[in-house]
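Colleague: Mind looking at a prediction? Sequence and model below.
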Amino acid sequence: MSAPRNVVIAGAGIGGLTAALALAARGFSVRILEKAERLEEVGAGLQLSPNASRVLVRLGLEPRLSHVAIAPDAVSVMTARSGGEVSRLPFAHAAGAPYWVMHRADLQSALLAAVNDHPQIELQLGRPVENFTINSDGSVAVPGGAPALALIGADGVRSTVRQQLFPDVQPEFSGLVAWRGRIEARRLPHGLAPRQVQLWMGPRAHLVAYPMSSGEQVNVVAIVPGHLDEPHASATDIARHFKASHWPTSVQVMIDAADGWQRWPLSTLPDGGIWNAGPVALLGDAAHAMLPFAAQGAGMAIEDAAVLAQCLSDVEGTPTVVSAALARYAALRAPRVGRVQRTARQSGRIYHLHGPMALARDMVMRALGAGRLQARQNWIYDWKP
Ligand SMILES: Cc1cc2nc3c(=O)[nH]c(=O)nc-3n(C[C@H](O)[C@H](O)[C@H](O)COP(=O)(O)OP(=O)(O)OC[C@H]3O[C@@H](n4cnc5c(N)ncnc54)[C@H](O)[C@@H]3O)c2cc1C
């Protein structure tokens with residue numbers, strides 16, 4: 001008799017919720033165990049490029065997202081050196097796969113509603129996965145739960161599942177801190193509210209701003225050097241940082257207009273790590289937390305979910321073939337995700353140049369032109385499940 005096609009997922013973030021929907025679409029019964037008592041996303045925005053939106057559209061989420069997401073037509077790359085635009089890269093909207101920006105809470109609500117509507121998915125809140133056991137028949141169990149074919153650790157950068165599988169792998173602090181704030185668009189002087197994605201490059205820092213919540217709010221993220229623990233850090237530090245480095249007035253106006261600032265020390269995992277062992281695999285930030293400078297962390301978690309479901313779809317309830325399917329998933333994902341991790345690191349170095357190097361960067365970007373700069377992103381955006 002074959003074992004039931006059931007999977008347990010630790011973590012109901014963007015990765016865990018998408019994986020549950022992708023697996024359920026392939027006929028699996030899924031139980032999501034989430035540590036938090038309530039699901040709440042930070043009041044910040046998220047960019048989802050076509051490689052990720054394509055997966056969400058295929059999972060049937062477009063009707064739930066299209067009225068809350070905005071599809072800007074370009075990213076405007078600005079330099080703090082002169083305050084001018086270095087390049088404007090149009091987002092190529094592939095058929096059915098838009099470049100979306102949205103409030104994180106809107107994405108989470110859409111995923112959550114789809115999960116709650118699905119008869120084969122059970123979500124348990126206030127249920128942390130503290131450890132797991134691999135049984136002699138190859139199945140895996142978490143305390144208090146029935147054996148499952150597979151356990152997916154989608155429990156974020158401080159993953160408990162990863163900690164048990166690979167205790168030596170620890171997140172490393174990057175030396176950079178992201179400050180996330182929100183601006184009521186009507187509080188900005190006329191013409192200053194970004195209608196596209198705005199990327200400001202400057203000395204040892206950068207800033208990203210884009211509309212969200214049907215254009216009523218602007219999401220603003222400021223990346224600055226910092227420490228892991230700064231108990232006395234406050235939002236006034238950001239304004240001070242950008243004033244001291246003589247950033248253009250429009251950036252300073254945006255920073256002054258923002259509120260709800262939250263501080264996120266940026267920690268990453270090394271690329272090229274191992275993501276699976278037997279019937280257990282990691283997904284999303286638990287496997288590959290990266291710097292957010294390619295705006296792809298959630299995108300990669302969403303892609304992981306699609307590939308994981310594809311790899312497991314052939315598994316007909318036999319625990320012995322599950323580990324091979326999970327190994328295939330990791331082997332398919334790791335090279336691409338590693339390249340994205342490296343791209344994000346490199347982007348950060350380029351954005352934060354200062355002095356003559358910043359001047360050279362701006363000249364090279366202008367000389368390359370939007371078409372060639374855009375083409376460098378195509379390998380990310382053109383991905384299809
Ligand atoms: C400033 C900033 C900007 C970003 N911008 C973008 C962007 O524009 N586009 C993009 O694609 N990505 C972006 N990212 C990255 C993106 O936010 C993350 O990669 C993504 O949210 C990771 O999702 P996840 O589901 O893997 O992990 P998480 O969102 O961390 O979810 C993990 C879940 O697991 C739960 N959990 C933890 N431990 C346990 C446990 N033991 N048992 C059960 N549950 C547990 C947590 O409560 C949480 O709900 C950005 C990140 C930052 C910091």
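Modeller: The structure has been received and is ready for your questions. Numbers count the residues shown, from 1 in each chain.
Colleague: Would you mind giving the domain segments of this structure?
Modeller: Following automatic domain parsing, the chain resolves into domains at 6-70+99-171+269-348, 173-267+351-381.
Colleague: Could you dump the ones you listed into CSV and include distance to the ligand, mean neighbour count and mean pLDDT?
Modeller: In this view, the C-beta of every residue, glycine as well, is placed from N, C-alpha and C. Listed next are the domains of the chain as CSV, based on distance: least, C-beta to the nearest ligand atom, whole Å; neighbours: other C-beta atoms under 10 Å; pLDDT from 0 to 100:
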stretch, distance to the ligand, mean neighbour count, mean pLDDT
domain 6-70+99-171+269-348, 2, 20, 95
domain 173-267+351-381, 4, 17, 91
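Colleague: Out of those, the one nearest residue 80 is which?
Modeller: Residue 80 sits nearest to domain 173-267+351-381 of all these, at 3.1 Å, using C-beta to C-beta.
Colleague: okay, how far is it across that closest one, tip to tip?
Modeller: 28 Å (C-alpha to C-alpha, to the nearest Å).
Colleague: For the chain, give the helix that spans the most residues.
Modeller: Criterion DSSP state H: the longest helix present in the chain is helix 319-351.
Colleague: list the helices and strands it packs on?
Modeller: Secondary structure elements in contact with helix 319-351, counted by 3 or more C-beta pairs under 8 Å, 6 or more residues apart in numbering; DSSP states H and E, are strand 197-202, strand 276-277, strand 280-282, helix 285-288, helix 297-312, helix 378-381.
Colleague: Quick one: closest of those to residue 135.
Modeller: Proximity to residue 135, assessed across the helices and strands packed on helix 319-351 by C-beta to C-beta, is greatest for strand 280-282 (12.0 Å).
Colleague: Now do that closest one: which elements does it pack against?
Modeller: When contacts are defined as 3+ C-beta pairs under 8 Å, 6+ apart, strand 280-282 sits against strand 150-153, helix 160-165, helix 319-351.
Colleague: what about the longest strand in this structure?
Modeller: For the chain, the strand that runs over the most residues, judged by DSSP state E, is strand 172-184.
Colleague: what helices or strands is it leaning on?
Modeller: Packing partners of strand 172-184 (3+ C-beta pairs under 8 Å, 6+ apart): strand 217-225, helix 235-244, helix 249-257, strand 259-268.
Colleague: surely residue 175 meets residue 225?
Modeller: Yes - the pair residue 175 and residue 225 passes the contact test of C-beta atoms under 8 Å, sitting 6.1 Å apart.
Colleague: Follow the chain on from the longest helix of the chain and name the next helix or strand.
Modeller: helix 356-375 (DSSP states H and E).
Colleague: quick one: contacts of that following helix?
Modeller: With contact meaning C-beta atoms under 8 Å, 6 or more residues apart in numbering, helix 356-375 is reached by 77, 79, 81-82, 86-90, 92, 201-203, 350, 353.
Colleague: Which PyMOL command selects the buried ones in these?
Modeller: A single PyMOL command selects the buried members of the contacts of helix 356-375 (16 or more other C-beta atoms under 10 Å):
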select buried, resi 77+79+81+86+87+89+201+202+203+353
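Colleague: quick one on the thing from earlier: how far is the longest strand of the chain from where the chain is centred?
Modeller: Centre-to-centre, strand 172-184 and its host chain are 14 Å apart (C-alpha atoms, centre = their mean, to the nearest Å).
Colleague: any idea of the angle that strand forms with helix 319-351?
Modeller: 70 degrees (axes from the mean of the first three to the mean of the last three C-alpha atoms, to 10 degrees).
Colleague: Adjacent strands (with direction) for strand 172-184?
Modeller: strand 217-225 (antiparallel), strand 259-268 (antiparallel) (DSSP bridges).
Colleague: okay if I get the helices and strands packed on strand 172-184 as JSON lines plus distance to residue 325?
Modeller: Output for the helices and strands packed on strand 172-184, formatted as JSON lines (distance: least, C-beta to C-beta, whole Å):
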{"stretch": "strand 217-225", "distance to residue 325": "37"}
{"stretch": "helix 235-244", "distance to residue 325": "46"}
{"stretch": "helix 249-257", "distance to residue 325": "47"}
{"stretch": "strand 259-268", "distance to residue 325": "27"}
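Colleague: To residue 6, which of these lies closest?
Modeller: Closest to residue 6 of the helices and strands packed on strand 172-184 is strand 259-268 (C-beta to C-beta; 32.4 Å).
Colleague: What are the contacting residues of the closest one?
Modeller: Contacts of strand 259-268 (C-beta under 8 Å, 6+ apart): 42-44, 157, 171-174, 176-183, 223, 226-230, 233, 235, 238, 289-292, 341.
Colleague: Quick check: residue 71 touching residue 102?
Modeller: No - using C-beta under 8 Å as the test, residue 71 is too far from residue 102 to be in contact (9.8 Å).
Colleague: what residues do the two have in common as contacts?
Modeller: Counting by C-beta under 8 Å, 6+ apart, nothing touches both residue 71 and residue 102.
Colleague: about what we covered before: looking at the strands paired with strand 172-184, which is closest to residue 111?
Modeller: Proximity to residue 111 (C-beta to C-beta) singles out strand 217-225 among the strands paired with strand 172-184, at 18.8 Å.
Colleague: I'd like the distance from that closest one to the chain centre, please.
Modeller: 15 Å.
Colleague: and if you look at stretch 350-363?
Modeller: How far stretch 350-363 lies from its chain's middle: 27 Å, per C-alpha atoms, centre = their mean.
Colleague: And for stretch 185-192?
Modeller: Per C-alpha atoms, centre = their mean, the centroid offset for stretch 185-192 relative to its chain is 28 Å.
Colleague: Same question for stretch 47-55.
Modeller: The mean C-alpha position of stretch 47-55 is separated from the chain mean by 11 Å, C-alpha atoms, centre = their mean.
Colleague: isn't residue 177 right up against residue 221?
Modeller: No - with contact taken as C-beta under 8 Å, residue 177 and residue 221 are classed as non-touching, separated by 10.7 Å.
Colleague: Figure out which of the helices and strands packed on strand 172-184 is closest to residue 27.
Modeller: With respect to residue 27, and counting by C-beta to C-beta, the nearest of the helices and strands packed on strand 172-184 is strand 259-268 at 35.0 Å.
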